[in-house]
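Asker: Fold the following for me, if possible:
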Amino acid sequence: MLRVLFVCVLSIVVSACVPTEEEFHKRRQWAIEDADFRQGVLDKCMSRKNPEEDLRDLAHLTKVPLKDAKRVFCGRFMKAIVSGRLKYEDVVAWYRYQRATPTMLDIARGRK
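Answerer: Residues are numbered from 1 along each chain as shown. Next up is the predicted model:
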């Protein structure tokens, strides 16, 4: 369920495979400096088609109404990328093990 959305957010900021740390930080810097880049990331994240069941799960995870779940989720991850809360290590763990780290789950839930 969340795999699709995590991949959506992460694949926009990093490459389709495990990025180098340099690539990750370069794309993060673009997100910090370029409002158009950030908006493009959010637009791409929001445009993904997801099964209704996945969206219901996402709404439950984010604790927002179904209609707002993707927007809130994508926004939280963009803020985490820009703030540095989402670390390179989180991204690598995701790509290697296909599991969300505790930090990623906290971001999705709006914690901290």
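Asker: what about P19, is that helix, strand or coil?
Answerer: coil (DSSP: H, G, I helix; E, B strand; the rest coil).
Asker: Was I right to think it contacts R28?
Answerer: No. Counting by CB atoms under 8 Å, P19 does not reach R28; the two are 10.4 Å apart. C-beta here means a position set from N, CA and C on the backbone, and glycine is covered the same way.
Asker: element containing the spatially closest residue to P65 that is not a sequence neighbour?
Answerer: Distances taken as CB to CB, 6 or more residues apart in numbering put A59 closest to P65, at 6.5 Å, once the chain neighbours are dropped. Taking DSSP states H and E as the criterion, A59 maps to helix 52-62.
Asker: Would you mark the buried spots in that helix?
Answerer: 54-55, 57-59, 61-62 (16 or more other CB atoms under 10 Å).
Asker: Against which helices or strands is that helix packed?
Answerer: Judged by 3 or more CB pairs under 8 Å, 6 or more residues apart in numbering; DSSP states H and E, the packing partners of helix 52-62 are helix 2-13, helix 69-83, helix 102-109.
Asker: Which of these comes out lowest on mean pLDDT?
Answerer: Mean pLDDT is lowest for helix 2-13 out of the helices and strands packed on helix 52-62, coming in at a mean of 60.
Asker: I'd like the next helix or strand past it.
Answerer: Note on helix 2-13: by DSSP H and E, the next helix or strand toward the C-terminus is helix 21-33.
Asker: For that following helix, list the C-alpha coordinates in PDB.
Answerer: C-alpha atoms of helix 21-33 as PDB (Å, rounded to 0.1, in the frame of the first residue of the first chain):
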ATOM      1  CA  GLU A  21      24.800  10.300  -1.500                       C
ATOM      2  CA  GLU A  22      25.900  13.100  -3.700                       C
ATOM      3  CA  GLU A  23      22.900  12.700  -6.000                       C
ATOM      4  CA  PHE A  24      20.600  12.700  -3.000                       C
ATOM      5  CA  HIS A  25      22.000  15.900  -1.600                       C
ATOM      6  CA  LYS A  26      22.000  17.600  -5.100                       C
ATOM      7  CA  ARG A  27      18.300  16.900  -5.600                       C
ATOM      8  CA  ARG A  28      17.600  17.900  -2.000                       C
ATOM      9  CA  GLN A  29      19.300  21.200  -2.700                       C
ATOM     10  CA  TRP A  30      17.200  21.700  -5.800                       C
ATOM     11  CA  ALA A  31      14.100  21.200  -3.600                       C
ATOM     12  CA  ILE A  32      15.400  23.700  -1.100                       C
ATOM     13  CA  GLU A  33      16.200  26.400  -3.700                       C
END
